[in-house]
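sequence isn't available, so here's the structure alone:
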């Protein structure tokens with residue numbers, strides 16, 4: 001498979017060239033592509049510099065981020081409604097060289113669509129290993145890639161993906177356990193759900209192997225805020241995890257504009273207020289690592305509160321490229 005650098009791809013899209021993607025898709029099944037991964041710790045150690053993305057193209061916004069150098073054909077094998085405004089896609093990638101870390105995103109190349117999409121993966125790496133698929137949850141927008149997902153994407157649609165991002169959690173066997181504080185706003189839950197699901201896989205794996213062979217997760221707490229319970233993505237699976245593993249997982253779901261009654265299954269976990277500093281304080285200790293993803297003002301506010309609570313900068317990770 002031909003390999004193009006990000007500047008090459010950007011020039012191709014600016015010129016309206018999509019023949020490369022069509023060729024990549026035609027050669028998809030069974031083809032192998034070279035992936036270049038740079039060594040990294042279990043979570044990015046350098047805080048991301050927060051800045052306004054303005055109206056820049058996705059490839060420009062993420063030009064300084066890590067990304068694979070190879071492109072991988074993918075096929076849409078599942079489509080569902082995660083909410084009234086969010087569509088969930090399941091993509092099959094058969095190339096054994098394809099991989100990602102919990103929390104990363106994909107460049108999504110769509111034949112016939114000149115803009116390149118950028119969407120966080122919401123599933124765990126374990127799902128790819130077990131079933132050869134990854135999942136995306138895409139909110140409706142007029143931006144061409146998101147609009148295509150909601151208006152034209154169908155089962156068996158062919159696309160091309162490439163993994164990127166410095167925001168991830170990927171502990172190695174034998175690493176000292178950390179307690180995770182996941183703070184999400186709106187569709188910012190996507191990469192954090194990937195991290196949550198990955199920690200579940202790690203926990204289940206630790207129950208079937210000796211301690212020297214695996215990473216043993218610490219406690220994970222999720223603070224998740226949205227306008228209403230309809231917009232709380234993955235809420236059922238999140239609650240199920242907290243009920244199945246109460247010693248390892250907990251959550252507090254926040255709604256800020258709820259008008260109807262809250263479902264009785266969600267009531268024990270849901271409050272009608274914003275994420276508070278008091279809640280954050282209960283989760284901060286000397287082995288806490290926080291992953292943040294949501295609207296930029298929320299990230300700014302929560303980051304400031306966490307620093308005031310004594311959490312060092314190198315233990316506050318955030319995804320804010322959009």
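On my side now, so go ahead. Nothing here was measured: the structure is a model prediction, and the numbers come from that model.

would you confirm that residue 294 contacts residue 226?
No. Using C-beta atoms under 8 Å, residue 294 makes no contact with residue 226, being 9.5 Å away. C-beta here means a position set from N, CA and C on the backbone, and glycine is covered the same way.

what ranges do the helices span in the chain?
For the chain, applying DSSP state H gives helices covering 6-14, 19-26, 58-61, 125-131, 144-151, 189-206, 235-244, 277-283, 296-308.

low pLDDT regions in the stretch 201-322 of the chain?
210-212, 320-322 (pLDDT under 70).

what about 90?
Along the stretch 201-322 of the chain, segments meeting pLDDT under 90 span 205-214, 319-322.

which residues in it form strands?
In the stretch 201-322 of the chain, the strands defined using DSSP state E, counting those that start in this stretch lie at 220-226, 249-255, 270-271, 288-293, 316-319.

just put the helices of the chain in a markdown table and tack on distance to residue 164.
Listed next are these as a markdown table, based on distance: least, C-beta to C-beta, whole Å:
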| stretch | distance to residue 164 |
| --- | --- |
| helix 6-14 | 9 |
| helix 19-26 | 17 |
| helix 58-61 | 10 |
| helix 125-131 | 15 |
| helix 144-151 | 15 |
| helix 189-206 | 12 |
| helix 235-244 | 25 |
| helix 277-283 | 29 |
| helix 296-308 | 19 |
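
dump the residue contacts of the residue nearest the centre of the chain.
Centroid-nearest residue in the chain: residue 191, 1.9 Å away (criterion: C-alpha atoms, centre = their mean). Counting by C-beta atoms under 8 Å, 6 or more residues apart in numbering, residue 191 touches 102, 103, 104, 105, 120, 121, 122, 165, 167, 291, 293, 319.

residues near the residue nearest to the second one when sequence neighbours are not counted, how many?
Of all residues beyond its chain neighbours, the one nearest residue 103 is residue 168 (3.9 Å), with distances taken as C-beta to C-beta, 6 or more residues apart in numbering. Residue 168 sits with 27 neighbouring residues when counted by other C-beta atoms under 10 Å.

among the strands of the stretch 201-322 of the chain, which is nearest residue 116?
The closest of those to residue 116 is strand 316-319. By C-beta to C-beta, the value is 17.6 Å.

tell me what the closest one is packed against?
Applying 3 or more C-beta pairs under 8 Å, 6 or more residues apart in numbering; DSSP states H and E, one finds that strand 316-319 contacts strand 288-293, helix 296-308.

just name the most buried of the ones you listed.
strand 288-293 (a mean of 24; mean count of other C-beta atoms under 10 Å).

so which residues make contact with that one?
43, 103, 120, 167, 169, 178-185, 188-192, 195, 284, 298-299, 302-303, 306, 311, 315-320.

quick one: low-confidence residue ranges for the stretch 1-150 of the chain.
In the stretch 1-150 of the chain (pLDDT under 90), the answer is 1-61, 63-64, 69.

skip the chain neighbours and tell me the closest residue to residue 271.
Residue 271 sits nearest to residue 254 (C-beta to C-beta, 6+ apart), 6.0 Å away.

residue 228 is in contact with the one you found, correct?
No. Under the criterion of C-beta under 8 Å, residue 254 makes no contact with residue 228, lying 10.5 Å away.

compare those two (neighbour count), which wins?
Set residue 254 next to residue 228 and count neighbours by other C-beta under 10 Å: residue 254 wins out with 21 against 15.

relative to residue 191, how far out is that one?
Using C-beta to C-beta, to the nearest Å, residue 254 is found at 18 Å from residue 191.

before we move on, what about residue 163?
12 Å.

now for these two: what residues contact both?
Both residue 163 and residue 191 are in contact with 104, 105, 121, where contact means C-beta under 8 Å, 6+ apart.

could I get those residues as CSV with neighbour count and distance to residue 98?
Shown next, in CSV, are the shared contacts of residue 163 and residue 191 (neighbours: other C-beta atoms under 10 Å; distance: C-beta to C-beta, whole Å):
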residue, neighbour count, distance to residue 98
104, 25, 12
105, 29, 14
121, 28, 12
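
dump these to JSON lines, plus distance to residue 93.
Below are the shared contacts of residue 163 and residue 191 laid out as JSON lines (distance: C-beta to C-beta, whole Å):
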{"residue": "104", "distance to residue 93": "14"}
{"residue": "105", "distance to residue 93": "15"}
{"residue": "121", "distance to residue 93": "11"}
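
quick check, nearest of the residues you listed to residue 115?
residue 105 (15.2 Å).
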